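Student: 3D, please:
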Amino acid sequence: MELAEIDEILRTVPTKLGGYVVGVYRKENLQLLDGCVLRYILQILQSQTATETRANDDSTIVSAISSLINGFGLYENDVEAPRLTTKLLELMEENNLLAKVASERRLANPISIGKIYSESLKSAAINAVGETGASVNYNEELNWDDKKERAKLERRKKKEEEKRILMKEEYEEYMRQKGIATDSACVCMHRLGAGKEHGDDIRCENIHVNMGKNVLLDNTQLYILSGKKYGLVGRNGSGKTTLMRMLTEREFEGVNPYIQILHVEQEVMGTTDSPLKIVLDTDVERTQLLGAEQKLMQDADPDMAELNRVYARMDEIDAHTAEHRARAILRGLSFTTEMMEAPSSSFSGGWRMRISLARALFIHPDVLLLDEPTNHLDLHAVLWLERFLQSWEKTLLVVSHSRSFLNNTCEEIIHLENQKLTYYKGDYDTFEKTRLEVQTQQQKAFEAQEKSRAHTQAFIDRFRYSAARAAQAQSRLKALERMDTMAPLLADSVLNFTFPDPESSLSPILQIVDVSFAYKMGSPVIFKDVNMGIDCDTRMGIVGHNGSGKSTFLKVIIGALEAQGGQVIRNQKARIGVFSQHHVDVLNLSQTPLEFMQSQFPKAEASVLRGQLSRFGLSGDKQMQPNYTLSGGQKSRLAFAVMTFLKPDLLLLDEPTNHLDIDTVDALIASISSYKGGVVVVSHDEHLITSICEELWVAGNSMLVKFDGDFSKYKKSVQNTL
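Tutor: Sure thing, here's the model as predicted:
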C-alpha cells in the first residue's frame, strides 16, 4: 500500500523536466534516477527535519518546498505543490526515511542549495549511466556555468573553422594566380623581327617589393643583359622567388613587352597527355601548320600555292625536327621511351616538375628563369642540364643551392641581401672570394676612418679653448663635419640549427640481411641481396639515378614497405627520424607552422613547440603566417623541426638540400657533423655528400652495393657514361 501510494505521487510529476525523466523507487532508499529535482527536494526535507520540530514547522517546510517546486514550473497552480510535499513528508516519516527530530530549531550546518542541486545532477547522471549504459546530458537550462563555457568553446571552434576555410580559399587563389603567367607563357614564340628594335635587356630602376609587412627589395636596381647567364643567390625568404614571379608578370617598369619570359617553378598538371605531347603542344604554330597540311592533302585538288606556303613556314620554324629535339630533352632528363608516351598523371610530382623543365627548354624563351632546377634530378640529369645550359644562347637567371651547378652554368652572380641587389662578375666561387675581399676592405676602411675621426676629435677636444691653436681646432672641426660617414660592415647573421642528440646510444639500430624488394610478384626487382648494418656511428650516402630504388630502400628499412626476401632487424627502442623529399606534400599549407606542430604533437606545450621552431630559424611572425607563404627552404626547416622533436637515434634524409639556400645547406652540414646519432642520406649534392658521408652506396641495375671510392670518383664514372 505504501509503495503504491509513492508510485502514484511520482506519476503525478510531469515527465519532462529540462530533458530529465523521473526514474524508479527503491524500498531501501528513495533513489530517483534522473529525478534530480525531487531528489534535491527530499535531501532538503531530510536535512530540515533533522534539526527542526515537526509538529510546529510542517507548514513552513511545505510552504518553502512548494515555492521551490512552483519556481521550476512543474504546476500551473498553487494547490498541487503543497499536496505533493505534504504527502511526501507523511510517506517518508512512515517509512523511517526522515531523520530523528531534534529539539533545536536552528540549523546545525549551513545549507548550500546550489551545491546540493549540483551534486544531485552528478549523482543522477552517474546512476543513469550505471543502470542503462547510456550517457546523460546535463540540464543546460539549469547549469549556467557549463552552458556558458560550452557556448564559449563552440564560438572558438566556429571562429577557428572560419579561419581555416578562409586560409584555404586564400591558398587556392594564391596557387591559381601563381600559375596564370606561367601557363600563358608556355608557348613557342617564333619571332620574325617584331619587337627586336626594343632590345632584350632588362633595366629596372628604383624597384620596391614587399610581402605583407616584410620589405624584400627597397630602392634597388635590377639589370639583366641579353644573352648573359646569372645566378641569383640569397637567404631563404629574402625574396628570390618573389622577384622572379614579379619579373614574369612584368610588374616592373623597364621590361621589354615583346620579349618572352618563362619562369619554371611549378609542376605541370597531371592529365592523360604524355610528356612528349605536353612538350610538343607548346609549339602552337607547328600544330596549326600540321593541321593545315593534313587538311590540304585530303582535298582531291589541293591548293599547291597554299601547301607550299605551309611547307615554307614549317621549314622556317624547324618544325620537322621538333619531335627529335623534344625527345632529346626528355631523354637528357632521364625519361625512357616508354615514359615519354605514358600519361603525365601517372608520374610523381618530381617527374612532373621535370616535364615542366623540359617544356621550358624546348620553348627556348628570350629570358629563362629557373628556380632550383636541380631539385628532384639525379646526378645524370644534373650533369646533362649543366651541359645543355652551357650552350644556352639566350638570357638565363637561375636560383640554386648547388655550388657546382652555379659554377658550371653562371657568368655573373646577383646577390640579394639587406633588401638590395649587388652584382659580381664570375661564377659562385669567384663571387665568394670577391665578396670576402670587398668585406675585408670595407672593414679596414671603416676602422681607418674611425681611427682618423677619433684622432681629430681628440685634437679638437684638447685645443678648442687654447688661444694659440683655437683656429686649427676650428678648422679640424669643420673638416670632421665634412667627412663622409662610412657605414660599418654588416656581418651576416649566422644561421645555426642543431639536431638534438639521442637520449641513449643504441647499437645496432638496424640490421639488413639479404634483403630484396619488388613491388609485386613477377614485377622487376628493385634491389636484391642487400647486407649492411646501421648504428649511431653510421655516415652513409646513397646515390644513383632516379628510379633505381634509393627512396624505396629507405621505406623498406623503416617498415613502410615490406621486403620480399631477407630480413630487416630493427632495434625496438630506437627512434628513427625521416625527412622525405616530398615533405611539402604532408604539410597542411593552410595551417601556420605552430598549428602544424600542434597537430603533430598535441600533448606538447605551445612554448616548447615555439622553441623548437625558433631553433630552426622559424621565429616571431613566421610561426604565425600560413605555410603556403613560406619559402621552400622555410618549409624544409619546418619539416626538420618536426623530424627532430622526439630526439631520434637515426636520421634518414631523402634529398634534404632541396629548396635550401647555400647558407642553410652549410648549417645543415654543420648540424649533421655534430649530431651523435646515425645518418643515412640520399642526395646528389656534391658538397653535402663529400662533407658528411664516410661511405658511399650506389643503387642501380637491381643492386645496392658499396662503392669503392669517394663522390668525385663516382661523378667521373657518371660523366663517362654521358
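Student: just for the stretch 351-500 of the chain, where's the confidence low?
Tutor: 484-495 (pLDDT under 70).
Student: could you list the paired strands of the helix or strand hosting Leu370 along with their orientation?
Tutor: Per DSSP states H and E, Leu370 falls inside strand 367-371. Taking DSSP bridges as the criterion, strand 367-371 forms sheet pairs with strand 261-264 (parallel), strand 395-399 (parallel).
Student: would you turn those strands into a markdown table with distance to Gln449 and mean neighbour count?
Tutor: The C-beta positions use only the backbone N, C-alpha and C, and glycine is treated the same way. As requested, the strands paired with strand 367-371 are exported to a markdown table (distance: least, CB to CB, whole Å; neighbours: other CB atoms under 10 Å):
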| stretch | distance to Gln449 | mean neighbour count |
| --- | --- | --- |
| strand 261-264 | 43 | 23 |
| strand 395-399 | 36 | 23 |
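Student: to Lys213, which of the ones you listed lies closest?
Tutor: strand 395-399 (23.7 Å; CB to CB).
Student: got the strands paired with strand 367-371 as a markdown table, with distance to Ser59 columns?
Tutor: As requested, the strands paired with strand 367-371 are exported to a markdown table (distance: least, CB to CB, whole Å):
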| stretch | distance to Ser59 |
| --- | --- |
| strand 261-264 | 92 |
| strand 395-399 | 92 |
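Student: out of these, which is closest to Thr337?
Tutor: strand 261-264 (23.9 Å).
Student: for the closest one, C-alpha coordinates in PDB please.
Tutor: Taking C-alpha atoms only, strand 261-264 is exported to PDB below (Å, rounded to 0.1, in the frame of the first residue of the first chain):
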ATOM      1  CA  ILE A 261      59.900  35.500 -70.100                       C
ATOM      2  CA  LEU A 262      59.300  32.000 -68.700                       C
ATOM      3  CA  HIS A 263      59.600  31.100 -65.000                       C
ATOM      4  CA  VAL A 264      59.900  27.400 -64.200                       C
END
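Student: neighbouring contacts of it?
Tutor: Identification of contacts with strand 261-264 by CB atoms under 8 Å, 6 or more residues apart in numbering yields 181-182, 185-186, 244-245, 247-248, 250, 255, 356-357, 360, 363, 365-371, 373.
Student: drop anything exposed from the residues you listed.
Tutor: Buried residues within the contacts of strand 261-264, counting neighbours by 16 or more other CB atoms under 10 Å: 181-182, 185-186, 244-245, 247-248, 255, 356-357, 360, 363, 365-371, 373.
Student: please compute how far stretch 355-364 lies from its chain's middle.
Tutor: 28 Å (CA atoms, centre = their mean, to the nearest Å).
Student: export it as PDB, just CAs?
Tutor: C-alpha atoms of stretch 355-364 as PDB (Å, rounded to 0.1, in the frame of the first residue of the first chain):
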ATOM      1  CA  ILE A 355      58.200  17.800 -67.700                       C
ATOM      2  CA  SER A 356      57.800  21.400 -66.800                       C
ATOM      3  CA  LEU A 357      61.500  21.900 -67.100                       C
ATOM      4  CA  ALA A 358      61.600  20.000 -70.500                       C
ATOM      5  CA  ARG A 359      58.800  22.200 -71.800                       C
ATOM      6  CA  ALA A 360      60.700  25.400 -70.900                       C
ATOM      7  CA  LEU A 361      63.900  24.200 -72.500                       C
ATOM      8  CA  PHE A 362      62.000  23.200 -75.700                       C
ATOM      9  CA  ILE A 363      60.300  26.600 -75.900                       C
ATOM     10  CA  HIS A 364      63.600  28.400 -75.700                       C
END
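Student: mind listing what's buried along stretch 202-219?
Tutor: For stretch 202-219, by 16+ other CB under 10 Å, it's 202, 204, 207, 209, 214, 216-217.
Student: tell me which of the strands paired with strand 367-371 sits nearest to Pro524.
Tutor: Nearest of the strands paired with strand 367-371 (CB to CB): strand 261-264, 31.6 Å.
Student: can you pull the buried residues of the next helix or strand after the closest one?
Tutor: Where DSSP H and E defines the elements, the next helix or strand beyond strand 261-264 is helix 275-280. For helix 275-280, a neighbour-count test (16+ other CB under 10 Å) marks 275-276, 278-280 as buried.
Student: and if you look at stretch 501-519?
Tutor: In stretch 501-519, counting by 16+ other CB under 10 Å, buried: 502, 506, 508-512, 515-518.
Student: for stretch 223-238, same thing?
Tutor: Buried, per 16+ other CB under 10 Å, within stretch 223-238: 223-224, 229-238.
Student: please tell me how far it is from the chain's geometric centre.
Tutor: 26 Å.
Student: kindly reformat the buried residues of stretch 501-519 as CSV containing secondary structure.
Tutor: Shown next, in CSV, are the buried residues of stretch 501-519 (DSSP: H, G, I helix; E, B strand; the rest coil):
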residue, secondary structure
Pro502, coil
Leu506, coil
Pro508, coil
Ile509, coil
Leu510, strand
Gln511, strand
Ile512, strand
Val515, strand
Ser516, strand
Phe517, strand
Ala518, coil
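Student: quick one: least confident of these?
Tutor: pLDDT across the buried residues of stretch 501-519 is lowest for Leu506, at 79.
Student: can you show me the helices along the stretch 151-300 of the chain?
Tutor: Assigned by DSSP state H, counting those that start in this stretch, the helices in the stretch 151-300 of the chain fall at 240-248, 275-280, 284-298.
Student: out of those, which is closest to Ala342?
Tutor: In terms of CB to CB, the element of those nearest to Ala342 is helix 275-280, at 7.5 Å.
Student: now do that closest one: distance to the chain's middle.
Tutor: With CA atoms, centre = their mean, you get 31 Å for helix 275-280.
Student: what mean pLDDT does stretch 279-298 have?
Tutor: 89.
Student: CA atoms of it as CSV?
Tutor: Presented in CSV, the C-alpha positions along stretch 279-298 are these (Å, rounded to 0.1, in the frame of the first residue of the first chain):
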residue,chain,number,x,y,z
VAL,A,279,56.2,19.4,-74.8
LEU,A,280,55.2,19.4,-78.4
ASP,A,281,51.9,21.1,-77.8
THR,A,282,53.7,24.2,-76.7
ASP,A,283,54.6,24.8,-80.4
VAL,A,284,51.1,26.0,-81.3
GLU,A,285,52.1,27.3,-84.7
ARG,A,286,53.6,23.9,-85.6
THR,A,287,50.4,22.1,-84.6
GLN,A,288,48.4,24.5,-86.7
LEU,A,289,50.6,24.1,-89.7
LEU,A,290,50.4,20.3,-89.4
GLY,A,291,46.6,20.5,-89.3
ALA,A,292,46.6,22.8,-92.3
GLU,A,293,48.9,20.4,-94.2
GLN,A,294,46.6,17.4,-93.4
LYS,A,295,43.5,19.3,-94.5
LEU,A,296,45.1,20.4,-97.8
MET,A,297,46.3,16.8,-98.5
GLN,A,298,42.8,15.5,-98.0
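Student: first-to-last residue distance for stretch 252-263?
Tutor: 15 Å (CA to CA, to the nearest Å).
Student: shouldn't Arg313 be in contact with Gln288?
Tutor: No: contact criterion CB atoms under 8 Å: Arg313 and Gln288 do not qualify, at 9.7 Å.
Student: neighbour count: those two, which is higher?
Tutor: For Arg313 versus Gln288, neighbours defined as other CB atoms under 10 Å are more numerous around Arg313 (16 against 12).
Student: for the closest residue to the more buried one other than its chain neighbours, what are its contacts?
Tutor: Nearest residue to Arg313, sequence neighbours excluded (CB to CB, 6 or more residues apart in numbering): Leu289, at 6.0 Å. Residues in contact with Leu289 (CB under 8 Å, 6+ apart) are 310, 313-314, 317, 319.
Student: and if you look at Val279?
Tutor: Neighbours of Val279 in contact, by CB under 8 Å, 6+ apart: 326, 329-330, 355, 358-359, 362.
Student: and of these, the nearest to Gln591?
Tutor: Nearest to Gln591 among the contacts of Val279, with distances taken as CB to CB, is Ile355, at 29.3 Å.
Student: what's the distance between Ser452 and Ala445?
Tutor: Ser452 is 11 Å from Ala445, where distance means CB to CB, to the nearest Å.
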